[in-house]
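A.B. asks: only geometry, no sequence info:
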Ligand SMILES: Cc1cc2nc3c(=O)[nH]c(=O)nc-3n(C[C@H](O)[C@H](O)[C@H](O)COP(=O)(O)O)c2cc1C
Ligand code: SF4
Ligand code: SF4
């Protein structure tokens, strides 16, 4: 899926996420925040200007969030995103209320919506992790021009093809064709392959 499709999945399929900010003492705070809309420019949510959450967003301009969809752990897909946020103001409120009509139950009168404002996560990175697939499926993505970094375990030219890493891999996601290669889309990042490799051929990025 594209980064935009992942952001849309968060807004339309997950919707209520756990969002992390940092307080004035540098300590983490989480709260449940609905992701109301996604487009090619990012992910949108709203809050009230009187909330501590609003203050934390304004102070740092940064947010991390996680959400999941599924009935139980082995039927669950999770998406996490972290990135820069900016306040775009009230202009998008009508659109967000139209897409999320339940908001009229919380803020029924137009006057009561005066405190509301919209934020956009406009640049960042994310991770998709699907435990319902066998082997597990993972992907990473960036949006808004954020630099793309390949993270995880990689096998270098130092591999001697001994095959020792294959039996310790919980997802059987290492192929051996002379040299070992990790199927990144199925890797748990557990590190077993690096620990067992006699040639020091597995590096972590
Ligand atoms: C399902 C659910 C969705 C919520 N969505 C939002 C939201 O989109 N925006 C918001 O400001 N608060 C939302 N809240 C309320 C916040 O989680 C709550 O105000 C939060 O703890 C912020 O508190 P703080 O400002 O004191 O940190 C939601 C709560 C629930 C239970
Ligand atoms: S990090 Fe774990 S899951 Fe990934 S290839 Fe190595 S052993 Fe397999
Ligand atoms: S254990 Fe190391 S040297 Fe052996 S196949 Fe795996 S990566 Fe290559």
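C.D. replies: Sure thing, it's come through. These numbers were taken from a predicted model, which means no experiment stands behind them. Ligands and ions are numbered 1, 2, ... in the order given.

A.B. asks: Enumerate the beta-bridge partners assigned to the residue most central in space within the chain.
C.D. replies: The chain has residue 80 as the residue nearest its centroid, 1.8 Å off, counting by Cα atoms, centre = their mean. Beta-bridge pairing of residue 80, defined through DSSP bridges, involves residue 66, residue 127.

A.B. asks: Quick one, grab the pLDDT at it.
C.D. replies: Looking at residue 80, its pLDDT reads 98.

A.B. asks: likewise residue 148?
C.D. replies: 86.

A.B. asks: what are the phi and psi values for the spatially closest residue to residue 44 that is not a sequence neighbour?
C.D. replies: Nearest residue to residue 44, sequence neighbours excluded (Cβ to Cβ, 6 or more residues apart in numbering): residue 37, at 4.4 Å. For glycine as for every other residue, the C-beta is placed from the backbone atoms N, C-alpha and C. Per-residue torsions, residue 37: phi -170, psi 150 (degrees, to the nearest 10).

A.B. asks: I'd assumed residue 96 was in contact with residue 37.
C.D. replies: Yes. In this structure residue 37 lies within contact range of residue 96 using Cβ atoms under 8 Å: 5.8 Å.

A.B. asks: residues shared between the contacts of those two?
C.D. replies: residue 44 (Cβ atoms under 8 Å, 6 or more residues apart in numbering).

A.B. asks: Just want to know which of the two has more residues nearby.
C.D. replies: residue 37 (22 against 18; other Cβ atoms under 10 Å).

A.B. asks: Okay, that one and residue 121: tell me how far apart.
C.D. replies: Using Cβ to Cβ, to the nearest Å, residue 37 is found at 11 Å from residue 121.

A.B. asks: Spell out which residues are contacts of both of these two.
C.D. replies: In contact with both residue 37 and residue 121: 43-44, using Cβ under 8 Å, 6+ apart.

A.B. asks: when you scan stretch 54-73, is anything in it near ligand 1?
C.D. replies: No. Interface with ligand 1: stretch 54-73 contributes nothing (Cβ under 6 Å from any ligand atom), its closest point being 6.9 Å away.

A.B. asks: Tell me the buried residues in that stretch?
C.D. replies: 54, 56-57, 62-69 (16 or more other Cβ atoms under 10 Å).

A.B. asks: Next step: the residues you listed restricted to strands.
C.D. replies: 62-69 (DSSP state E).

A.B. asks: what's the distance between the helix or strand hosting residue 167 and the middle of its chain?
C.D. replies: Assessed by DSSP states H and E, residue 167 sits inside helix 164-168. Relative to the chain's own centre, helix 164-168 is displaced by 30 Å; criterion: Cα atoms, centre = their mean, to the nearest Å.

A.B. asks: What residues sit buried inside that helix?
C.D. replies: residue 165.

A.B. asks: after it, next one along is what?
C.D. replies: Following helix 164-168 in sequence, per DSSP H and E, is strand 174-177.

A.B. asks: same for that following strand, what does it pack against?
C.D. replies: helix 164-168, strand 179-182 (3 or more Cβ pairs under 8 Å, 6 or more residues apart in numbering; DSSP states H and E).
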